[in-house]
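**Student:** sequence and predicted structure are below.
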Amino acid sequence: MPQLFRLRRGKLGAAPGTVEFLGPPRIDRTRLQAMAYSPDQFTERELASIDPFLDGTIAGGCRWLNVDGLHDTANLQRLGDNFGLHPLVQEDIVSPHQRPKLEDYEDYLYTVCQMITFDEQSGRCLSEQVSLVVGPDWVLTFQEVPGDVFDGVRHRLRQGKGRLRGGGSAYLAYALLDAVVDSYFVVIEQMGLRIEQIEERLLAKPDAEQLAAVHALKREMIHLRRAVWPLREVVGALERGESKLVPKSVRLFYRDLYDHIIQAAEAVETYRDILTGLQDLYLSSVSNRMNEVIKVLTIIGTLFIPLTFLVGVYGMNFKYMPELGWKWSYPLFWLICLGAVSGMLAWLKRRGWL
Amino acid sequence: MPQLFRLRRGKLGAAPGTVEFLGPPRIDRTRLQAMAYSPDQFTERELASIDPFLDGTIAGGCRWLNVDGLHDTANLQRLGDNFGLHPLVQEDIVSPHQRPKLEDYEDYLYTVCQMITFDEQSGRCLSEQVSLVVGPDWVLTFQEVPGDVFDGVRHRLRQGKGRLRGGGSAYLAYALLDAVVDSYFVVIEQMGLRIEQIEERLLAKPDAEQLAAVHALKREMIHLRRAVWPLREVVGALERGESKLVPKSVRLFYRDLYDHIIQAAEAVETYRDILTGLQDLYLSSVSNRMNEVIKVLTIIGTLFIPLTFLVGVYGMNFKYMPELGWKWSYPLFWLICLGAVSGMLAWLKRRGWL
Amino acid sequence: MPQLFRLRRGKLGAAPGTVEFLGPPRIDRTRLQAMAYSPDQFTERELASIDPFLDGTIAGGCRWLNVDGLHDTANLQRLGDNFGLHPLVQEDIVSPHQRPKLEDYEDYLYTVCQMITFDEQSGRCLSEQVSLVVGPDWVLTFQEVPGDVFDGVRHRLRQGKGRLRGGGSAYLAYALLDAVVDSYFVVIEQMGLRIEQIEERLLAKPDAEQLAAVHALKREMIHLRRAVWPLREVVGALERGESKLVPKSVRLFYRDLYDHIIQAAEAVETYRDILTGLQDLYLSSVSNRMNEVIKVLTIIGTLFIPLTFLVGVYGMNFKYMPELGWKWSYPLFWLICLGAVSGMLAWLKRRGWL
Amino acid sequence: MPQLFRLRRGKLGAAPGTVEFLGPPRIDRTRLQAMAYSPDQFTERELASIDPFLDGTIAGGCRWLNVDGLHDTANLQRLGDNFGLHPLVQEDIVSPHQRPKLEDYEDYLYTVCQMITFDEQSGRCLSEQVSLVVGPDWVLTFQEVPGDVFDGVRHRLRQGKGRLRGGGSAYLAYALLDAVVDSYFVVIEQMGLRIEQIEERLLAKPDAEQLAAVHALKREMIHLRRAVWPLREVVGALERGESKLVPKSVRLFYRDLYDHIIQAAEAVETYRDILTGLQDLYLSSVSNRMNEVIKVLTIIGTLFIPLTFLVGVYGMNFKYMPELGWKWSYPLFWLICLGAVSGMLAWLKRRGWL
Amino acid sequence: MPQLFRLRRGKLGAAPGTVEFLGPPRIDRTRLQAMAYSPDQFTERELASIDPFLDGTIAGGCRWLNVDGLHDTANLQRLGDNFGLHPLVQEDIVSPHQRPKLEDYEDYLYTVCQMITFDEQSGRCLSEQVSLVVGPDWVLTFQEVPGDVFDGVRHRLRQGKGRLRGGGSAYLAYALLDAVVDSYFVVIEQMGLRIEQIEERLLAKPDAEQLAAVHALKREMIHLRRAVWPLREVVGALERGESKLVPKSVRLFYRDLYDHIIQAAEAVETYRDILTGLQDLYLSSVSNRMNEVIKVLTIIGTLFIPLTFLVGVYGMNFKYMPELGWKWSYPLFWLICLGAVSGMLAWLKRRGWL
C-alpha cells in the first residue's frame, strides 16, 4: 500500500504557513523552465535561478514558469513572495498528497491536482502532485520530479498554432489541466484492459491469483477516484466563472473539460462496479466448484461405502455362516452389488446429481 | 467487455478542438440526407456533397440534414464552420463514446446521446452515438453508420400528419430524442424477458451458466444506465426552457419525454435490483444444495462406517476369538447391525435430517 | 415476473399524442358513472354515452365522471377534447404502467397513480392505473377495469355527510387519492403478516421454500415502492399549493395525505430492510447447519477410520504375525479400541465439538 | 414482530377527520391531570371531567392538561373543538403508530412522537405515542396508557425551581420533548450494553443464539430509528423559529435538543454499523470453524484411507500371494505404514495444514 | 467496546442547564493555565483559582485560559457566569462524549471537539473532549485531563514568532483546532500502518486473528469518523464567516483547515473501504482454502474407496470363488489397481483438479 496519508506537517506543532519540504528530495537540483509568449512571439529558456523571471528579463504577453523539484524552499519562498502568494499557498505547494482543490485569492488562483500514471509492472497507480498558480498574465507550475504530461502543451506553444498563444493565462491553465485529465483516460484505459484480462481468465478458471488482482485493482481505483472526484469541483468552479481571471470565452473550454472529468469519474465508478461484480462472480464460482467437488466425493462414497460393508460381512470368520458354503453365493453377491449400484445411480440421476 | 473508455484524443497532446475521427471508418462514404419542410411543403434529397444544403438550394421553413459517417472530417469541418459551430462541438461530433450532454451555445444547442440496440445473440448492448445540433430553423444529426431509429420521424414528416411539419426545429429535435428514448424501452423490454427466462431456470435448477448470464446482464445494465441517466439532465434542461430556442409550447413535450426517461432510468434501476436479488438467490441455492449433498454423505457415512468397523473385527484372524465359534454369532451380528442402523435412523430423524 | 416495462407506444415511431389503447381490452364495454353534487343536492347516473355529461344534462356545483375501460379511444378522445385535455394527457390516460406523476396544465391538473392489491394466493401485487383529471368544478377518473377503492368516497357523497359535498373538486381529488393511499396500507399490512409468518418458520427450520418466499416478497416490494415513492412528489406539489386549483383550506388535507404517503414509503423501506435481514439470517442458518452436518461426519470418521485400519491389520493373512497366536490379543485389541475412542472423545470435547 | 403498520382508518373508506380510537382500550377510564402555573403560583388537580379545564376553573399563566387513555373519543372531541383543534389533528391524536411530525396550525402547534422503552426480558423496544398540542398559554398532551417519562418535568414544576414556571408553553413543550429524547438515550445505552455482551460471547464462541440476538437487535434498531430520525425535522423546524409560538429565547433550548437528537440518531446508525459488523464477523467465524472441521476429516482420511487399502490387500484370500509366506512381510508392512504416515505428515506440514 | 453513549444527564429528569460533572473525576485538582499576549508582550501563569483571570490581574491584548479537570463545577459555573456563558454551554462543557458542534451566541462562539490518540497496545482510539469558547479577546479551553495537543501552540506563543501573537482570539482558536486536526493525521497514519501490516499477513496466511484485527479496526474507524465528520460543518461555518468574531483575514486559514478536515474525513472513508475489501478478501481466501482441503479429501477418497471395495471382495470367505485359485489373480489384481488409479488420475487432470 502506498502510504496514503502522511503526517501533514514536518514537525507536529509547526506553525501553519511553514514552507518546508517533506520527504526525501527526489531530484538533485531544482529545474526552472520559463516561457514567454504572445500571438506573434515566443521565448523559451532553461533558467539557473529565478531571477530572470522576476526581474523582467523574460517578458511577453503571458509567461509560464515550470518548477521541477520542491526541496529548495528558500528560492521557492522568494518566488512566492515576489508573486504575492499567501503563505498557506506556499506551504501547500511543497506538501505532497494534497487533495485537488481550487483556491481563489482574487489576484491569482491556486489549484493543485495529481498526475497519475499506471505502472503496468506492479499494477500500481503512481501519482505526482502538480500545483498551478494562475495570475493575470502568468502561470506557475510546480512538480516534484521532471517529466510530466505537459509536453503536448509545450509543443503547441512552440509551434504557435491554435488558440494557445493568444489565449492568455486562463487558457494556458485550461490546456495544462486538460493534459492532466487526458492522462487519466490513459490510466483508465490501461486499467480497463487489465480488467478485461482478469475477467476472461476468471470465467475460464477462477483461482486465488485473479482474486488478488481484483483486490489490488479495486484499491488502485480508490486512489484514482481520490484524484479525479475533487477535480470536478475545481473545474466546475472555474466553469461557472466565479473568478474574474477566467474570461467568458475560456469558460466554454472549461465546460468541455468538466464533461471530460465527469466522464473519467463515471468510468472509475463503472469499473468499481464491474470489479465488485467480478468479486461476486469469483465467490460464486468457488462455491460452485466446491459443490462439484463435494458431489463427486458423495457419489463415490454413496456407491462404495455400503458395498464395502457388504464385502466385509463375507470376510468375517464366523464358523457358522451358511452363505459361505453355498455354491452360487459369489455370483449372487456380484448381482447384489450390480443391483445396488444401479439403484444408487438411478436415485442420483433422479436427484439431478449426475 | 466492449472497450468502455477509449483514449479521448487521437494523439495525446493534440490541441482541444482538433476535429479528427478516431477509430476505423465503419462505412465507405459519408451519406447525406437532407429534408426541408414547412406545414404545406416537403422536399427530401440524398446529397452527394454538402453544398446544396449550404448554398440555399434546399430551403424551407425548417431543414434537417442527417449525416451518416464521420471520417470525412474535412467536409464536416466545412459544414460546421458554415453553421458557426464551435470547434469543441466539431471535435465532440466525431469523438465516439461521449457522455450524453446538452450544451447551449445561444445560437444553437448541441446534444449528444446514444442509440442502443440489444443484440439477442450475444446478449450485448450495442450503442451508436448520435449528435444533434439544433438551430433556429435547422437541425443537424450526425451518426457513425447508416441505420437508425428515426425512420418513424421521417415517415411522419413525409406524410405531413400531426404536429411535426409545423413544429419547428425544437419540435423536430424532440421527435428525434423521443425516438431514441422509445428505443430504450425496446431494449429494456428485451432485457426484461431475458431476466424472466433466467429467473425461471434459476428457480428450477441453478447452474453456473445462469450465474454467468446474470453477471453479463448486470454489466450490460451498467452500460445502459450510462446512456440513460445523463439524458435526464439533458431533457430536464430543455424542459425548464433554459434555451430561447425551445418555445414554450414545445416544452410540454419535453416534459413528457422527461417522464419517459425517468421511467426508463427507474426500469434500469429496478432490473439492477432484481439481478442482484437473483445473484443472492443463486448463492443461497448453491449453499442449499451443497448442504443437501453433504447431508447425504454424512448419513451414508454415519450408517455404514461403524458397521464396517464391526465386520472388520470379525474378519480378524486372531486364534482366540470365542465369538467366532459360537453357533448364533452370525444371526446375532445381523441383529446388532439392524439395531444400530435403526438407532442411527431414529437419531437422524430426531435431528430433522431425514 | 409481471411484465414491468412494456413498449411505450403501440407501434414504434407512432407520433407523440397518439391516443391508442395498448393491450387486450379487459372489459367489454366502457362504463361511465357520473355524479353531480353540491352541499344540498346530489345526482348519480350510469351513462350509456358521454353526451349527457358534455351537454349539461348532468349539472351541479361539482361533477365527477368515472370511466371504466380504456379501449374505446374514439369516445375518450371526444371527451378529452371537450374538456380541453392536451393530446399528451389523452395518450397517457390510455397508456398503462405510467409512473405516478402530476402535471399542471393551468386549467386542470393531471395525476396518474396505481391502485394496488395483494393477491394472497400468488403472493403478487396487482396494480391498476387510475388517472385523475381535476378541473375547477369537475373531476374525471379513468380506470381499466371496474372495481376500485373509491366505494367509500361514493358512499360518503351519497350520504352527504362530512365535508365532501361542499369541498369542491380539489377536495374530491384529495378524497380519491386518500382512498388510494389507504389501500396501500392494506397491502403493506398483508405483506407484514406474510413476513411475520416467514420469519417464524425461518427461525424454526430454514428451508429453500422460505428463501424463495423472501425473494418473491422482495421483488413485490420493489414494485410497491415504484408505486408509492413518486406519489410523494405528486402530493407534495399539491400540498405546497403550486396550483391555483387547490384552495388553501384543502392544502391542510393534502399535508395530512403527504404524511400518510411518507409513512407508507417508510414502511416499504423498513420491510425491505427486514427482508434483507431475513435473507442474511437464512444464509447464516444454512452455514450453521452445514457446519453441524460436517461436524457429525468428521466425528464419526475420526472415531472409526483409524480403528477400521486396525481391524484390517489383524485381518491380514501373513503367515508370520506373532500377535495372532497370542492368547490375550483379542481382549487387548478391544482395550486398545476403547482407549483410542476415549482419547478421541476427550480431544473432541476439548476442542468444543461435542 | 410488533405489527408495524396497522390499517390507518377503522373502516376503509371512513371520512378523513373521523375521530375514532383504533385497537382495544388499554385502560378503563380516561385520566386527566391538569396543572396551571406561573412563576409564583402552582395548581395541580386530577380531574374527573374536562369541564374544570374548559370553564376557567383552572387558570394561571400557563396550563398543562395531560390525558391518559384515548378511547373516550366523545370527550376528546369536545376538548379538541373547544381548543379549536382541526379535525385531522383530532384524528391523529387517537391514531397510534404515527410518524413523528410537526404541524403548524398558526394558533397552535401539533407534534406527535414516540416514547420508547427497552424491555430487557424480551429484548424488544416498546413504544407509546405522545401527542403534544402547544397553544399560546396552554399545552395538551395525550397518551394511551398512564406512566410516562414526564415525572421529572412535573417534579420541577411543583418545586418551582429553574426556568420552567416562567418559561411559557413553548418552554414546557421543550421540557417534555427533552424528557422524551433523554429516554431514548436510556434505551440506546441498554442496547449498547447488550451489543457489548453479544460481541464478547461471539468472539469467544460463535453460535446460532448470538446470531439470532444480532438479528433481533438489528430489527429493534430499525424501529428505534423510525422514532428518532423524523424527530430531527420536528425539532429542527422549531429551532429555526418558523412558528411565532416559539419565542427567540426558547429557540436556543431547541437547538440544544436538536443536537441531542442528532447524537441519538448517530448512535443508532453507529449501532447498526456495529451490528452489521458483528454479523459479518459471525459468518466469517462459522466459515473458519467449518474449515477447521473439514481439515481434521481430511487429515484423518488422508492418513488412513490408503493404509486401509493396504491392509485390505493382504487380507485377500488369493492362493498365490508370495508376500504372505515371507518371513519379514509383517514387520516390513509396519515399516511401510510408518513411512507413508511420515510422508503424509510432512506433506501436510509443508502445506501449512498442521 | 468503549461505552459509546452514556446517559446524557446525571439523573433522568434533571433540568436542562444543570452543570454537573458525570463520571469519576480523572484528576485530583483542577489545573488552570492562563496566558495573556499581544504582539510585543507575553504573560503566562499557572493559577490556583480563577480569580486572577476574572479580576483583570491577567491582562493583555488577548487572553487564553486552559482548564484541565471538569469536576469542580462550582468554580466552572462562576467562571462561566462571569463570561456570560449560557447555562446550556456550561452544561455541555462538563458533559463528555459530545458530538463536535459550533454554537454562535453572538458575543462568543462555543465549539466542542474530540482529541484522539491511538493506543498501539490495545489498538483502540482514545478520545478526550475539548471545549473552546471564543470571545472577542479571550479564549477558554476545557479538558478533562492534563496533557493535550496544544503544546506546539503554546511554544509558538512563548516564542512570539509568526502570526500567532498578533492574530487575536479567532486566530488562536484556529491554531488550536488546527492542532487537533493535525493530531487526527497522526492517528490516521498509525492506523494506515496497522492496515498495511494486516494486509501483508492476510495475503500470506489468512487466519482468524487477522479477521478479528480487521473487525476491531473497522470499529475504531467508526469512532474516528464520528469525531472527524461533524467537525467539517463546524469549520465550514467558521470559514463562511457567519460569525462577526472571525475577521476576514482569518477566514483564509479556516479554509485551509477545512481542506485538512476534508482530507482526514476522506482518509477515514478510504480506510473503511480498504478494510471492507480486506474482509471480503479474507472470506474469499477462506473459501478458497476450504476448496483446496475438500479437493484433497475427494481425490484420496476417489482413488482409494473403490479399490478398498475391491480388496474386500477378494477377502471374502466364500467357498466357491474361482479367481482365488487362479495363478495370475494376484498380479492381475495389481494391474487392475494401477489401471483404475491411472484412469482416475487422468479424469481428475482433465477436470483441472490436479
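**Tutor:** Happy to help now that I have it. Numbers count the residues shown, from 1 in each chain, chains lettered A, B, ... in the order given.
**Student:** could you list the residues of the stretch 201-350 of chain A in contact with chain D?
**Tutor:** Counting by CB under 8 Å from any CB of the partner chain, the stretch 201-350 of chain A comes close to chain D at residue A:315. Quick note: C-beta positions are derived from backbone N, CA and C, even for glycine.
**Student:** what strand or helix carries the residue in the stretch 201-350 of chain A that chain C sits nearest to?
**Tutor:** Taking CB to the nearest CB, chain C has its nearest neighbour within the stretch 201-350 of chain A at residue A:315, 6.8 Å off. Of the helices and strands defined by DSSP states H and E, none includes residue A:315.
**Student:** residues near it, how many?
**Tutor:** By the measure other CB atoms under 10 Å in any protein chain shown, the count of residues near residue A:315 is 26.
**Student:** list phi and psi for it.
**Tutor:** Torsion angles at residue A:315 (phi, psi; degrees, to the nearest 10) stand at phi -100, psi 0.
**Student:** name the SS class of the closest residue to chain B within chain A, please.
**Tutor:** Relative to chain B, the nearest point of chain A is residue A:152 (1.8 Å; CB to the nearest CB). Three-state assignment for residue A:152 (DSSP: H, G, I helix; E, B strand; the rest coil): helix.
**Student:** pull up the per-residue confidence for it.
**Tutor:** On the pLDDT scale, residue A:152 is placed at 89.
**Student:** repeat for residue A:311
**Tutor:** 92.
**Student:** then residue A:14?
**Tutor:** On the pLDDT scale, residue A:14 is placed at 66.
**Student:** what of residue A:27?
**Tutor:** 68.
**Student:** same question for residue A:5.
**Tutor:** 44.
**Student:** before we move on, back to that, ok, the residue of chain A closest to chain B - how many residues close by?
**Tutor:** 19.
**Student:** residue contacts, residue A:229?
**Tutor:** When contacts are counted by CB atoms under 8 Å, 6 or more residues apart in numbering or on different chains, residue A:229 touches residue A:265.
**Student:** hmm, 10 Å instead?
**Tutor:** A:99-100, A:261, A:264-265, A:268-269, E:266 (CB atoms under 10 Å, 6 or more residues apart in numbering or on different chains).
**Student:** could you verify my assumption that residue A:20 touches residue A:92?
**Tutor:** No. Look at residue A:20 against residue A:92 with CB atoms under 10 Å: they stay out of range, at 11.8 Å.
**Student:** so between those two, which is more surrounded?
**Tutor:** More crowded of residue A:20 and residue A:92, by other CB under 10 Å: residue A:92, with 23 against 13.
**Student:** now the residue of the stretch 201-350 of chain A closest to chain C: how far from residue B:307?
**Tutor:** According to CB to CB, to the nearest Å, residue A:315 and residue B:307 sit 13 Å apart.
**Student:** quick one: the strands in the stretch 101-250 of chain A, in order.
**Tutor:** Under the criterion DSSP state E, counting those that start in this stretch, the stretch 101-250 of chain A contains strands at A:101-104, A:109-119, A:124-134, A:138-143.
**Student:** need the ones you listed in JSON lines with distance to residue A:71, can you?
**Tutor:** What follows is the strands of the stretch 101-250 of chain A, written out as JSON lines (distance: least, CB to CB, whole Å):
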{"stretch": "strand A:101-104", "distance to residue A:71": "23"}
{"stretch": "strand A:109-119", "distance to residue A:71": "18"}
{"stretch": "strand A:124-134", "distance to residue A:71": "14"}
{"stretch": "strand A:138-143", "distance to residue A:71": "12"}
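**Student:** so which of the ones you listed comes closest to residue B:328?
**Tutor:** strand A:124-134 (78.2 Å; CB to CB).
**Student:** before we move on, the earlier item: strands - which of the contacts of residue A:229 land there?
**Tutor:** Among these, DSSP state E puts none in strands.
**Student:** now do the domain split for chain A, please.
**Tutor:** Per the record, chain A has its domains at A:31-285, A:293-350, by automatic domain parsing.
**Student:** tell me what the lowest-mean-pLDDT helix or strand in chain A is packed against?
**Tutor:** Ranked by mean pLDDT, DSSP states H and E, the helix or strand of chain A with the weakest confidence is helix A:51-54, at a mean of 83. For helix A:51-54, the elements it packs on are strand A:31-38, strand A:41-47, strand A:62-68, helix A:73-82, judged by 3 or more CB pairs under 10 Å, 6 or more residues apart in numbering or on different chains; DSSP states H and E.
**Student:** could you say which of these is packed most deeply?
**Tutor:** Mean neighbour count (mean count of other CB atoms under 10 Å in any protein chain shown) peaks for strand A:62-68 among the helices and strands packed on helix A:51-54, with a mean of 22.
**Student:** next, format the helices and strands packed on helix A:51-54 as JSON lines and append distance to chain D.
**Tutor:** Compiled in JSON lines, the helices and strands packed on helix A:51-54 are given as follows (distance: least, CB to the nearest CB, whole Å):
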{"stretch": "strand A:31-38", "distance to chain D": "49"}
{"stretch": "strand A:41-47", "distance to chain D": "55"}
{"stretch": "strand A:62-68", "distance to chain D": "45"}
{"stretch": "helix A:73-82", "distance to chain D": "42"}
